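Asker: I would like the atomic coordinates for the input below:
(chains A, B, C, D and E, ligands or ions: 5)
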Amino acid sequence: MSAQHRTTASGASRSLARSRPRYGEVIVKVVLMAAALVSVATTVGIVFALLEPTIEFFGEISLGEFFGSTTWGPLFKPPAFGVWPIIVATLEITLIAIVVAVPLGLATAIYLSEYATPRVRKIFKPVLEVLAGVPTVVFGFFALTFVTPLLRDVFPFLELEAKNGLSAGLLVGVMIIPIVASLSEDSMAAVPNGLREGSYALGASKMLTSVRVVVPAAFSGIVAAIILAISRAAGETMIVAIAGGFKSVFTLYPGDEMATMAAFIAQAGSGDAPVGTIAYKTIFAVGSLLFIMTFAMNYVSARMVQKYREVYD
Amino acid sequence: MAILSTPKSAVQLASRGRPLKEHLFRVALLASLAIALIFLAMLIVYVVEEGWPRLDSTLWENQPSIRRPETAGIQSGIFGTLWIIGLTALMALPTGILAAIYLEEYADKTKWYNRLIELNISNLAAVPSIVYGILGLGIIARWMQFGFTVMTGAMTISLLVLPIVIISAREAIRAVPPSIREGSLALGATQWQTIYRQVLPASIPGIATGSILALSRAIGEAAPFLMLGAATLVRFNPEGVWSNFSVLPLQIYSFITRPQEEFAVLAAAAIVILLAILLLMNSVAIWLRNRYQKRW
Amino acid sequence: GGDAKPGSSDSTSSAAAASGETQAAGGQLSGEIKVDGSSTVAPLTQAASELFGEEQPQVKVPVGTSGTGGGFEKFCAGETDISNASRPIKDEEKAACEAKGIKFTELTVATDALTVVVPKENDWATCLTTDQLKKMWEPAAEGKVKTWKDVDAKFPAEELKLYGPGTDSGTFDYFTDEINGEEGASRKDYSPSENDNDIVTGVAGAKGGLGYFGFTYFEENADKLKAVEIDSGSGCVAPSVEAAQGGKYTPLARPLFVYVSATAAKRPEVGAFLDYYAGNIGAIAKDAKFIPLNPEQEAKLKTDLTSLKSQG
Amino acid sequence: MNDSRNPMPASRTADPRNLPASGHAQIGVSVPNVTVRGPEVPRTIEALDPVFTVSGLSVFYGDYEAVRGVDMTIGNREITAMIGPSGCGKSTVLRCFNRMNDLIPGARAAGKILYHDEDLYGDHVDPIEVRRRIGMVFQKPNPFPKSIYDNIAYGPRVNGMKGKMDDIVEEALTKAALWDEVKDKIKQNALSLSGGQQQRLCIARAIAVKPDVILMDEPCSALDPIATTKIEDLMQELSRDYTIVIVTHNMQQAARVSDRTAFFTAEVDAEGVRHGRLVEFDETSRIFTNPSDKRTEDYITGRFG
Amino acid sequence: MNDSRNPMPASRTADPRNLPASGHAQIGVSVPNVTVRGPEVPRTIEALDPVFTVSGLSVFYGDYEAVRGVDMTIGNREITAMIGPSGCGKSTVLRCFNRMNDLIPGARAAGKILYHDEDLYGDHVDPIEVRRRIGMVFQKPNPFPKSIYDNIAYGPRVNGMKGKMDDIVEEALTKAALWDEVKDKIKQNALSLSGGQQQRLCIARAIAVKPDVILMDEPCSALDPIATTKIEDLMQELSRDYTIVIVTHNMQQAARVSDRTAFFTAEVDAEGVRHGRLVEFDETSRIFTNPSDKRTEDYITGRFG
Ligand SMILES: Nc1ncnc2c1ncn2[C@@H]1O[C@H](COP(=O)(O)OP(=O)(O)OP(=O)(O)O)[C@@H](O)[C@H]1O
Ligand SMILES: Nc1ncnc2c1ncn2[C@@H]1O[C@H](COP(=O)(O)OP(=O)(O)OP(=O)(O)O)[C@@H](O)[C@H]1O
Ligand SMILES: [Mg+2]
Ligand SMILES: [Mg+2]
Ligand SMILES: O=P([O-])([O-])[O-]
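Answerer: Ligands and ions are numbered 1, 2, ... in the order given. Okay, the predicted model is just below:
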């Protein structure tokens, strides 16, 4: 066998050209690429679904009216199209959520990445995953039937309404803790050990190493985590629909009932807005706004990550 | 500066009273983790306590009822959810895994269209689920005229979880060391042979774990169904993909909006079932991960 | 129905149509009857379907609760067979149905008394005039009428907290039409909810609270709330079954409807369901805790149904 | 060429330790003789029966020219060693020989590599076919997470062979001097083998597809001395049938096993960019006894790297 | 001790190339003299003024005894080199000197290390304080992703210093022979420096906390020859003020820079488990000219590793 093999391999060798055609490889690549393009098609679909009614909407309602007034009530008569109340409510609830989730999530991430032993980590990470998997209707139910009554009992002076931005925001915050924690932890875990060792070798304690070396080095990943959490919070629907309410009045007080953009879409979209009416188009206009906001945040996040990512190798 | 100029001999290596601050920091970190966990525990205790009176077999044997909330069940919701999850698994998982293979193994990152696909996926992962509801309503239900059926729901949810499936499958594929690929390619294997015979088998546990977690997200979704206007009072189980249906989260939402106290109890009991399904799925995922976690 | 989607003519319903014919009782029917629309009326239709299901377990009746308007939208797109409504169909909705070639019949199935509620501790508002209600609810009140004193100088300066159904509800349409003079015209700074339970908790939890919803919900929560008598010019009338049936509770007594597609009504299972609905309307209303039709209304329901079924 | 480099090597020759004045004794270190493998009958490059003829090879990663202008010839059934400090492009050049660099996005080779008489980078050439002919063994043993048997059978299988291949497995393992150690546990997972065994398994795996050439990139650097000796012995054995190119950071290893040695180093160009260059390519005995370039001498005597 | 090892080294001596018969010439490789740094006035171990006195040190990772029974003494303001093949425990021992191993879960040291006269592993000892006194420089330069200034200022800051520390920064950078190169871009990110500059920055960072000892784990192995020379020069300079312990895989480097050399290797015990052992510890000149152990000789002459 060896002899035969040698004759083919040495000296005048066989051609290195393809010995048999490989159409399969091409087909596979095409199929795989097609699968990847489904996600592009999804975006196109979303844009397509949003675009036409949105354009029609702005044909009837000027941008000036949309962004220039603070009365919202497209389903009332006379309708009002000043979008600020629901934008402000969205921002308020998102802010409350972030105030809850960023410290807790970041601290959790630092604990898991820097302090916990592998065994502890192995126990707690799945628990965080469970928290991440709790359906938002459940959080909504809990907010409405447990948290709000509790807060009303404990802090009567807050004058919380039966539905209010505070409870909804708190629960949205709890919902996004796992996002902040787990993505931040990933990026902290990616910080090269050499940096930690460098810090310890200078006599830094664990706390200082975590706070002054690991967190800054993982900064871009942490920012990305927070931005993703913000867009989740801003788009969250069920919690705010159940516990935040639908009252679309401009308010800065989180104890009031307030409707976010997502809540408005859910309310109007699940009810009567006959196709073609301005009310129906409003759903899509608000949907576009929400989509553009998440898109913009994601873009900013991608840029930040690109800009601040440290390349260690 | 004084502390920095200690003599070099006759040293003293005892600590300088740092531990208290260190300790407090550690406690604060643990407390943060604990808050999230206590919260989860409180939530579970609360819904179990609330739903306790209804946690019996009538819950899954009976259909929802307006007339008799005290014996109403959630069977149609359980089956609807199972249908949606099953179809979503059939549609989203293969698509997501194939897309992940493309992005990890084939896509040349220097090409603009591949970067676009990547950016697009990370963007889709952040798009609110209610917007997917708009997509489902506008494109699938109305434009494609699939109506308000299991198929429409499953397709909408598939698109919603697709980015999550892709992202987690990519991670699993990336965890296969490049040396395995190089070893295969250096033997004259084609790229697809390398993927099919080496990369995929090695990454299947990771992909499965990620997929289960993605599906467990799908189970809890209610907002897109709200947009799709799925019927809430459905007293039969779906019989096919063109059947009308309801899902557990939506039923829970509708129970919450009923005036009678019995419905609140029913909602809590249904939540317990939903959480139980999710816990089960999470456990399987964790078991898979621990069992097959490879260390090269 | 104007079948648009590939799945709607599913095998079960067409098989039933072929075999079924007119056996109302006796023979087993199957198929799916799609219902959507008013959340107020939904419990009634749902109760009907649950009771009907005891006779015809193979017939499926999914009942959606998209609100009256949302229901008509689907109904006129041919997506549903029956639409629940807590107000009559509007002209533009009719036009939409016509455009799709959908013929329908309106059936009045129950009566409701829109009930204005205040918390038990409210000891000043026992009876309100329709003008006082308008003063609270009209668009012009927004941001101006903030306390009860702003409504009437005799009332205390308690903060007025308003709760009501959302804009996609037929109840809202009816109330705004009757009280404020134009459908949909309402102040916006109240707490809207499709969930009547929210209105109950909201009103019960605020001393200056006021809200309105269907009579049924009031009866369910009579221990927490007080119903306000309404004076539309001929004295104070409390909401009650008798007052509503007898036409004394004006202007807030209202009929509740189901709209049936003519094409769908020809399907045996739909026909059987409607027969059952009309034939047992008293029992169904009682079961669902609705105000039953009075005898004349009940008779009209039956004639309407007969003429629907005899249509070409 | 020397201009672009820091003058260090020159100044070192003048004053071996360029240190602040503190008493350092010059102590002669006697290094015992090192066995150098010479070709049985020394052949001139021209008489080599070349397997690879490299001319003007430059390799780019994106815009970065990692290796510049390499000319060398790999003789049939010889062992050619490539040595040089870290980052000088040894691996990069090696991976051109079986077009493994194709797999790195942005990597690109300019110049010419003839394999026998065929242009390795010619249009009609199928890199997969190339890799089947020209096997490779890596620095870190990389057995597949499968049984020993399946590891060996993998190559033939992906090349279209079907069915049982017990003979091929036994032959390859025997050639790789591993058969006796594993014949009783051939179905066991390859990851359970020791590092040295894993590396021999990888060599067996490469042999099983009956290649013409075997490329090895620091195949012993992750191994202990005993395993290293085994692999070195194996290389000698294999060089009867195969052409072998080996990258190593261990000069003694190059001296021990190779017929011919290529010494690479990194040069800094006018813009401060480092490029790998081939400094000297000659018979191993010459390189280690009488290098013609100062840098080669500095390197093999441990002055840097 | 020799029994537990594979007999390879012995057989090698008998027959240097244990190969199938094929003509290999023994070619003497003349290695030019290597400068070996000897202590100005050679001191006996007893007269060392020891900074560390190690006795019976064994280090465990979990159940695995990575290093077994090491005794050695590190003299004040001397440079001590630790050499040996990969995996023999050099880094492990080095990291015991400033208790960096405490940070590895499951790592545990048995035996005794006296630092001056204090037990380094004593109960009252605060490892953070230890690390402040005993600085460390790593194989891969690991500057923090901050400005050059902040990198240097980090150590003093975490040790409680407040305010500006321009003087400290300048002094440390000057001592590390980096000041001239970076003084104009002191606020620039440290990651923008070249590898050699980064390593000197890491040394400057270690100096800035005014340590007593500097431990270096293969500080030059990621660097090019020019940067290596600079670091070696710097070490010589620093050894006037500091005690330095360096791990290196480059024997010539050990020979060039150190006063005393410890040679480690891995031994396989009866159960087949490898343990790092200290084979020989002596003045560098002795180790390189007249080693007393056969394995040391084999190693420094390139027979393995
Ligand atoms: N994939 C890559 N992309 C970009 N640059 C690369 C890549 N691989 C190697 N390089 C660069 O090319 C140069 C040569 O690298 P190469 O790995 O060939 O060196 P080497 O001589 O094998 O070094 P070593 O002894 O460390 O293995 C180095 O500067 C390296 O940084
Ligand atoms: N964190 C760890 N956990 C378990 N084992 C370890 C760990 N670090 C090192 N070892 C093992 O301890 C032994 C000694 O390792 P060490 O890193 O000290 O060797 P070394 O001489 O520094 O080698 P090199 O020259 O490769 O750096 C090796 O067998 C290694 O696998
Ligand atoms: Mg290399
Ligand atoms: Mg080491
Ligand atoms: O659900 P509604 O009856 O209020 O339309």
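
Asker: Going by C-alpha atoms from here, please, whenever you check contacts or count neighbours.
Answerer: OK.

Asker: The nearest residue to D:R108 once chain neighbours are set aside: helix or strand, and which one exactly?
Answerer: Taking C-alpha to C-alpha, 6 or more residues apart in numbering or on different chains as the measure, D:R108 lies nearest to D:F60, with 5.1 Å between them; neighbours along the chain are not counted. Under the assignment given by DSSP states H and E, the secondary-structure element containing D:F60 is strand D:50-61.

Asker: ranges for the helices of the stretch 201-313 of chain A?
Answerer: Taking DSSP state H, counting those that start in this stretch as the criterion, the stretch 201-313 of chain A carries its helices at A:206-208, A:215-217, A:219-235, A:238-239, A:261-269, A:278-308.

Asker: got those helices as JSON lines, with mean neighbour count, distance to B:N120 and mean pLDDT columns?
Answerer: JSON lines is the format used below for the helices of the stretch 201-313 of chain A (neighbours: other C-alpha atoms under 10 Å in any protein chain shown; distance: least, C-alpha to C-alpha, whole Å; pLDDT from 0 to 100):
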{"stretch": "helix A:206-208", "mean neighbour count": "18", "distance to B:N120": "38", "mean pLDDT": "91"}
{"stretch": "helix A:215-217", "mean neighbour count": "21", "distance to B:N120": "26", "mean pLDDT": "91"}
{"stretch": "helix A:219-235", "mean neighbour count": "25", "distance to B:N120": "14", "mean pLDDT": "92"}
{"stretch": "helix A:238-239", "mean neighbour count": "30", "distance to B:N120": "25", "mean pLDDT": "94"}
{"stretch": "helix A:261-269", "mean neighbour count": "27", "distance to B:N120": "22", "mean pLDDT": "89"}
{"stretch": "helix A:278-308", "mean neighbour count": "20", "distance to B:N120": "9", "mean pLDDT": "88"}
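
Asker: Can you check the pLDDT for the residue most central in space within chain C?
Answerer: The centroid of chain C falls nearest to C:S86 when counting by C-alpha atoms, centre = their mean (3.1 Å). Reading off the confidence values, C:S86 has pLDDT 86.

Asker: Near A:P79, how many other residues are there?
Answerer: Residue crowding around A:P79 was assessed by other C-alpha atoms under 10 Å in any protein chain shown; the count is 17.

Asker: helix, strand or coil for C:P255?
Answerer: Using DSSP: H, G, I helix; E, B strand; the rest coil, the three-state assignment for C:P255 comes out as strand.

Asker: was I right about it contacting C:S86?
Answerer: Yes: at 7.1 Å, C:P255 and C:S86 qualify as touching, with contact defined as C-alpha atoms under 8 Å.

Asker: report the longest helix in chain A, please.
Answerer: Scanning chain A for the longest helix, with DSSP state H as the assignment, gives helix A:23-60.

Asker: Now do it against helix A:278-308, angle only.
Answerer: For helix A:23-60 against helix A:278-308, the angle by axes from the mean of the first three to the mean of the last three C-alpha atoms, to 10 degrees is 130 degrees.

Asker: Give me the helices and strands touching helix A:23-60, please.
Answerer: With contacts defined as 3 or more C-alpha pairs under 8 Å, 6 or more residues apart in numbering or on different chains; DSSP states H and E, the packing partners of helix A:23-60 are helix A:278-308, helix B:75-101, helix B:112-124, helix B:129-135, helix B:150-174, helix B:191-194.

Asker: Mind listing what's buried along it?
Answerer: Residues of helix A:23-60 classed as buried: A:29, A:31-40, A:42-43, A:45-46, A:49-51, A:53-54, A:56-58 (neighbour count, 16 or more other C-alpha atoms under 10 Å in any protein chain shown).

Asker: C-terminal to it, what's the next element?
Answerer: Sequence-wise, the next helix or strand downstream of helix A:23-60 (DSSP H and E) is helix A:63-68.

Asker: Just the CA coordinates for that following helix, please, in PDB.
Answerer: Written as PDB, here are the backbone C-alpha positions of helix A:63-68 (Å, rounded to 0.1, in the frame of the first residue of the first chain):
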ATOM      1  CA  LEU A  63     -45.100  66.700  13.300                       C
ATOM      2  CA  GLY A  64     -45.500  70.100  15.000                       C
ATOM      3  CA  GLU A  65     -48.800  68.900  16.600                       C
ATOM      4  CA  PHE A  66     -47.300  65.500  17.500                       C
ATOM      5  CA  PHE A  67     -44.300  66.800  19.200                       C
ATOM      6  CA  GLY A  68     -45.500  70.300  20.000                       C
END
